[in-house]
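Enquirer: Everything below, folded, please.
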Amino acid sequence: MNKTLQTFGLVSMCMAAPLIAQDVVQDAVEAATEAAEAAAAAPPAVVQIQRPAQELVYSPNPELIDFSTLQARPDDYPPEAWVADEEGSVYYSLAVDAEGDVTDCTVLETSGSELLDAKTCEIALARAQFRPAIDRDGSRMAGEHRDHQVWTKREPEFPGTATINVEYTLTAMGKATDCEVIEVSGEISQGMRRTMEEEPCPGINRPAQAPFRDANGNPVSKRVNLSIIVVVSDLEE
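Expert: Residues are numbered from 1 along each chain as shown. The predicted structure is shown next:
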């Protein structure tokens, strides 16, 4: 009797084992499926990248951000200095604080004109922008910047009414030759007069240019008369 019951119990346990294992596997599959679905539905994780702080490198002098800010514009020329034909170079020093702002301007070598010296410092104080100097510990500090400004009068090519009349031959080879200056009169700047002396006719001292051509496309020589009349007048108010 006992042996029969023991045998029956062993058989029952053997039959139940596959069913239990199957249930465990089924539960694991369902758990994995639920986890995958939850992960797919969740918003993507935001990855934050920690960037190292930018180190300030040792720089004993302030760094000018834009060099053009220290250059005088044509309309910066002081009117009184212009009328007085004052020109020259100003050498100066700028005091720059730890924020990169210009706090003072000192003329080291004068241009010979108080007006030009003063205008140079006025421009620097109003427009210059710097990155401040950096000490060996990486801290911003005050510093000095030295520079110079050249003041030279510049006029329009034609300050007033003027006439230019020249004549030349443009050969079939594209060379300008036989230049003849017929008239140069009126108000013409010194720079334009120097240009006229060096090259009175267009292309006279330059490489060959495109020649004239006849109806059949063949290069031909032509005589060219160039006349320029400049009329300068005040704007109507």
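Enquirer: and Ala124, how far is that from Pro207?
Expert: Distance, Ala124 to Pro207, by CB to CB, to the nearest Å: 44 Å. Backbone N, C-alpha and C define where each C-beta goes, glycine included.
Enquirer: Contact partners for the closest residue to Asp66 other than its chain neighbours?
Expert: Computed as CB to CB, 6 or more residues apart in numbering, the closest residue to Asp66 that is not its neighbour in sequence is Gln129, at 6.5 Å. By CB atoms under 8 Å, 6 or more residues apart in numbering, the contact list for Gln129 reads 64-66, 69, 100.
Enquirer: Tell me the helix or strand right after the helix or strand bottoming out on mean pLDDT in the chain.
Expert: When the helices and strands of the chain are scored by mean pLDDT, DSSP states H and E, helix 2-41 comes last with a mean of 54. Counting by DSSP states H and E, the next helix or strand C-terminal to helix 2-41 is strand 63-64.
Enquirer: what is the mean pLDDT for the lengthiest strand in the chain?
Expert: The longest strand of the chain (DSSP state E) is strand 176-186. In this model, strand 176-186 carries a mean pLDDT of 95.
Enquirer: Stretch 131-150 now?
Expert: The average pLDDT for stretch 131-150 rounds to 95.
Enquirer: For it, list the C-alpha coordinates in CSV.
Expert: Only the C-alpha atoms of stretch 131-150 are listed here, as CSV (Å, rounded to 0.1, in the frame of the first residue of the first chain):
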residue,chain,number,x,y,z
ARG,A,131,39.3,91.2,-24.8
PRO,A,132,41.0,92.0,-21.5
ALA,A,133,44.5,90.9,-20.5
ILE,A,134,44.8,87.6,-18.5
ASP,A,135,47.3,87.1,-15.7
ARG,A,136,49.2,83.8,-15.0
ASP,A,137,46.5,82.7,-12.6
GLY,A,138,43.8,83.0,-15.4
SER,A,139,42.2,86.1,-14.0
ARG,A,140,41.3,89.2,-16.1
MET,A,141,43.4,92.3,-15.5
ALA,A,142,43.9,95.8,-16.7
GLY,A,143,46.5,96.3,-19.5
GLU,A,144,47.8,98.7,-22.2
HIS,A,145,47.4,98.8,-26.0
ARG,A,146,49.7,100.9,-28.2
ASP,A,147,48.8,101.9,-31.7
HIS,A,148,49.1,104.8,-34.2
GLN,A,149,46.8,106.7,-36.6
VAL,A,150,48.0,108.2,-39.9
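Enquirer: Please compute how far it lies from its chain's middle.
Expert: The chain centroid and the centroid of stretch 131-150 are separated by 22 Å under CA atoms, centre = their mean, to the nearest Å.
Enquirer: can you check stretch 89-99 too?
Expert: Chain-centre distance of stretch 89-99: 23 Å, with CA atoms, centre = their mean.
Enquirer: what does it contact?
Expert: Residues outside stretch 89-99 that contact it (CB under 8 Å, 6+ apart) are 62, 102-111, 116-117, 120-121, 124, 128, 130, 132-133, 140-151.
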